[in-house]
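Engineer: Generate coordinates for the sequence data below:
(chains A and B)
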Amino acid sequence: MFIDVVVRRSLVASLIAVLAACVALAQTDPAGPQSRTRPTPAVVPSQFEFVGSWAPLGTEDVQNDSVPVDYLGLALTDEGRTRALSYDESQKSMIERQCQGWGASYMVLGPFGLRITSQSDQQKRLVSYTIDAWEDWMEMTIWMDDRTRPSEHALHTQAGFTTGRWEGGALGARTTHLKTGFIRKTGVPLSDQATIDWRFFRHGDLLTVLMVARDPVYLAEPEIISKSFRLSKVPLDFRDPCVPGYEGREPGDDVPHFSPDENPFLDEFMKLYNLPREAVLGYRDTLYPEYRKRIKNTYVPPPPCTADCGVAGNFVRRRAG
Amino acid sequence: MRRSLAAIAGVVLVLFAVGGASAQRQGSASSSSARDLAPIDLTGYWVSYVTENWRYRMVTPAKGEYRRIPASPAALPIINAWDPVADQRAGNQCKSYGAAAIMSVPGRLHITWQDADTLRIDTDAGTQTRLLRFTDRASSSASRPAWQGDSNARWERVAAAGSTAQDPAYAAGGSLRVVTSNLRAGYLRKNGVPYSERATVTEHFDIAPLPDGGTLLLVNTIVDDPVYLNAPYVVSPHFKKEPDGSKWDPTPCSSTW
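Structural biologist: Sure thing, here's the model as predicted:
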């Protein structure tokens, strides 16, 4: 009797152990432990808060050195190139132009951060975002209330007229009604027919601003620039007013300029870095990988800097000195 | 005895039921693969559009120049000792084609799904292959560091603060987040600005419509390296979508060009 009980209990225990093993086996990946994977995670949701202060990161070169006649990374029309070559930076010393400021594109081309606020109506519906001004950049309002774009004959300003809406997890916006200005501080022009599309992406504490600028007059292809900013715990404030002062030019003096084919700085940037002329002058083909292959056998890197090399081994200070 | 056997049979049924349900859950999880869940379509051919960092990407800058890169003091001797011919001779010609730099190398990408949970990126410049895995492999042994390292990917859906799932803008779009580690030490720039094997690369892949009807791919790239960087190095190269692979032109790695 005692033996019968022992045998029966052993049988039950063995049966349960075998069944448990079978169940465990059924749950195991047939491909074995080497390739065992966790289930595909669901799409991770997050919320995008645009309002705040965003400090610039200086790790991308969007304007090169601001050396005259540097149009690298641009696809210019012949008209745009000619007009750029006629530009003399001394224009900015004219008292009536000192506080002219830069156009909307300077948001990603300039050195400043962004301070963004929002405005709502009495029902707490979002009406607009405002990106505050810097001393040489006008504030930009992004209208979020589906308002109609003004007539093409309406006032054109440095900041232009901008509407926006949320699209696929990013804030998309379009700027029109720009006053004729510049897309680079080296005098590369942007006409009053230009349109700028913006897209603001947020990933964690990084805000990346993508600019796609089209101009049927001066750009052969869109100028595309992206710039990242980091959320700042300290509110930014760059609103010191621009105060014009005498810089050697009297009101009414001629506007400084060059004859495009006699620009004395034509070769400066090229020689500084041994760069190909067509790249420095903003020819369209130079923006694509094929161009890199084309100059493979002709490009010679500049020699290493050996004295007074400037920031991070950069050449500008040495050669300009 | 009969009661015992009945009890055993009951336990067996419960265990099989639990096991079966679990297997079914796994089955449904695998049917919702990363490919099925993709909020954006990254597949296809893409070409670099070099409007930023031109001087550091399209040509090789001078030896010793590391402008815009927050290089640490430990990096400076390596920057100043850069010898591309020696790299080529030592078989290290792919040092500037690693995951921390490859998206900035002018060229074309071909993005495909290798399987339902692995996105594959081939580059014609340097003929590199990146595998972005949406599943964490429970590997028994760590793989050796490689130029493209190990990449873990996930989709992210971002919505405007305060928006709800009912908003049209909430539903569409999203982003791909990729974190890459286990890298073989390489160069951030062609002229020998280094990153170490301890570097981590975090990328976000986003797409945006272009006014001409095309599509732009933006790859926001953050390189963290406790050895050779004082701060994260952030760049965001972008690509235009191409209709086909007719301009695909594989070229091997080169340290001299």
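Engineer: Quick one: the helices in the stretch 101-250 of chain B, in order.
Structural biologist: Using DSSP state H, counting those that start in this stretch, the helices of the stretch 101-250 of chain B run over B:168-171.
Engineer: Tell me the pLDDT of the residue in it that chain A sits nearest to.
Structural biologist: As assessed by CB to the nearest CB, chain A sits closest to B:Gly173 within the stretch 101-250 of chain B, at 1.9 Å. Bear in mind the C-beta positions are built from the backbone N, C-alpha and C, glycine included. The confidence metric pLDDT takes the value 76 at B:Gly173.
Engineer: B:Ala29 now?
Structural biologist: pLDDT, B:Ala29: 43.
Engineer: I'd like to know how far whichever residue of the stretch 101-250 of chain A sits closest to chain B sits from B:His204.
Structural biologist: Chain B sits closest to A:Gly168 of the stretch 101-250 of chain A, with a gap of 1.9 Å, by CB to the nearest CB. Here the criterion is CB to CB, to the nearest Å. By it, A:Gly168 lies 13 Å from B:His204.
Engineer: about what we covered before: I'd assumed A:Gly172 was in contact with the residue of the stretch 101-250 of chain B closest to chain A.
Structural biologist: No: contact criterion CB atoms under 8 Å: B:Gly173 and A:Gly172 do not qualify, at 10.1 Å.
Engineer: Identify the residues contacting the closest residue to A:Pro216 other than its chain neighbours.
Structural biologist: Spatially, and ignoring its direct neighbours in sequence, A:Pro216 is nearest to A:Gln193 (5.6 Å; CB to CB, 6 or more residues apart in numbering or on different chains). A:Gln193 is in contact with A:215-217, counting by CB atoms under 8 Å, 6 or more residues apart in numbering or on different chains.
Engineer: Just name the closest of those to B:Ile79, please.
Structural biologist: For those, the residue nearest B:Ile79 by CB to CB is A:Asp215; the value is 38.7 Å.
Engineer: neighbours of the nearest residue to the closest one once chain neighbours are set aside, just the number please.
Structural biologist: Distances taken as CB to CB, 6+ apart place A:Ala194 nearest to A:Asp215, at 4.0 Å, with adjacent residues excluded. If you count neighbours by other CB atoms under 10 Å in any protein chain shown, A:Ala194 ends up with 27.
Engineer: go on, B:Ile121?
Structural biologist: 24.
Engineer: Across the sheet, point out what pairs with it.
Structural biologist: In this structure, B:Ile121 bridges to B:Ile111, B:Arg130 when assessed by DSSP bridges.
Engineer: Surely it touches B:Leu109?
Structural biologist: Yes: assessed by CB under 8 Å, B:Ile121 is found in contact with B:Leu109 at 5.6 Å.
Engineer: so where's the stretch 1-150 of chain B shaky on pLDDT?
Structural biologist: B:1-31, B:137-142 (pLDDT under 70).
Engineer: I meant to write chain A there.
Structural biologist: Using pLDDT under 70, chain A drops low at A:1-47, A:63-65, A:310-311, A:313-321.
Engineer: how about the helices in it?
Structural biologist: A:2-27, A:78-85, A:106-109, A:268-273, A:277-280, A:289-294, A:316-320 (DSSP state H).
Engineer: what about A:Asp145, how many neighbours?
Structural biologist: 14.
Engineer: wait, doesn't it sit right on A:Ser120?
Structural biologist: No: using CB under 8 Å, A:Asp145 is not in contact with A:Ser120; the gap is 9.9 Å.
Engineer: can you list residues touching both of the two?
Structural biologist: A:126-127.
Engineer: Can you tell me how far the nearest residue to A:Asp253 once chain neighbours are set aside is from chain B?
Structural biologist: Distance criterion CB to CB, 6+ apart; nearest residue to A:Asp253, sequence neighbours excluded, is A:Met94 at 7.0 Å. Using CB to the nearest CB, to the nearest Å, A:Met94 is found at 30 Å from chain B.
Engineer: Got the phi and psi for A:Met94?
Structural biologist: With angles defined as degrees, to the nearest 10, A:Met94 sits at phi -70, psi 130.
Engineer: Pull the contacting residues for it.
Structural biologist: So A:Met94 contacts A:247, A:249, A:251, A:253, A:255-256 (CB under 8 Å, 6+ apart).
Engineer: Give me the buried entries from the residues you listed.
Structural biologist: By neighbour count, with 16 or more other CB atoms under 10 Å in any protein chain shown, those hold A:Arg249 as buried.
Engineer: show me the residues around A:Ile116 that make contact.
Structural biologist: A:Ile116 makes contacts with A:50-54, A:129-132, as judged by CB under 8 Å, 6+ apart.
Engineer: mind running it again at 7 Å?
Structural biologist: Residues near A:Ile116 by CB atoms under 7 Å, 6 or more residues apart in numbering or on different chains: A:50-52, A:129-131.
Engineer: Which residue would you name as the spatial centre of the chain?
Structural biologist: I'll assume chain A. Nearest to the geometric centre of chain A sits A:Ser226, at 2.1 Å (CA atoms, centre = their mean).
Engineer: right idea, wrong chain: chain B
Structural biologist: Note: chain B centre (CA atoms, centre = their mean) maps to B:Val178, 4.9 Å.
Engineer: Might one say that that residue is in contact with B:Glu203?
Structural biologist: Yes: using CB atoms under 7 Å, B:Val178 is in contact with B:Glu203, at 4.5 Å.
Engineer: Relative to A:Ile224, how far out is the nearest residue in space to B:Tyr49 that is not next to it in sequence?
Structural biologist: Distances taken as CB to CB, 6+ apart put B:Lys240 closest to B:Tyr49, at 5.1 Å, once the chain neighbours are dropped. Using CB to CB, B:Lys240 is found at 9 Å from A:Ile224.
Engineer: who's more crowded, the two?
Structural biologist: A:Ile224 (23 against 20).
Engineer: So the more buried one versus A:Tyr246, what's the distance?
Structural biologist: In terms of CB to CB, A:Ile224 sits 39 Å off from A:Tyr246.
Engineer: next one: B:Val219
Structural biologist: Taken as CB to CB, the span from B:Val219 to A:Tyr246 is 48 Å.
Engineer: So these two - more neighbours on which side?
Structural biologist: The neighbour comparison of B:Val219 against A:Tyr246 (other CB under 10 Å) goes to B:Val219, with 23 against 10.
Engineer: I figured the more buried one was touching B:Pro237, is that so?
Structural biologist: Yes: counting by CB under 7 Å, B:Val219 does reach B:Pro237; the two are 5.6 Å apart.
Engineer: got any residues that touch both of the two?
Structural biologist: B:Met103.
Engineer: residue contacts, A:Leu74?
Structural biologist: A:188, A:223, A:282.
Engineer: count of neighbours near the second one?
Structural biologist: Neighbours of A:Glu223 under the rule other CB under 10 Å: 27.
Engineer: Look up the residues forming beta bridges with it.
Structural biologist: A:Glu223 forms beta bridges with A:Ala213, as assigned by DSSP bridges.
Engineer: give me the number of residues near residue 212?
Structural biologist: No chain specified, so I'll use chain A. Close neighbours of A:Val212, defined as other CB under 10 Å, add up to 22.
Engineer: wait, chain B
Structural biologist: 10.
Engineer: Okay, strands next: where are they in chain B?
Structural biologist: Applying DSSP state E to chain B gives strands spanning B:44-48, B:108-115, B:118-123, B:129-133, B:150-160, B:175-181, B:186-189, B:193-195, B:200-209, B:215-224, B:233-235, B:238-242.
Engineer: I am finished for the moment; much appreciated.
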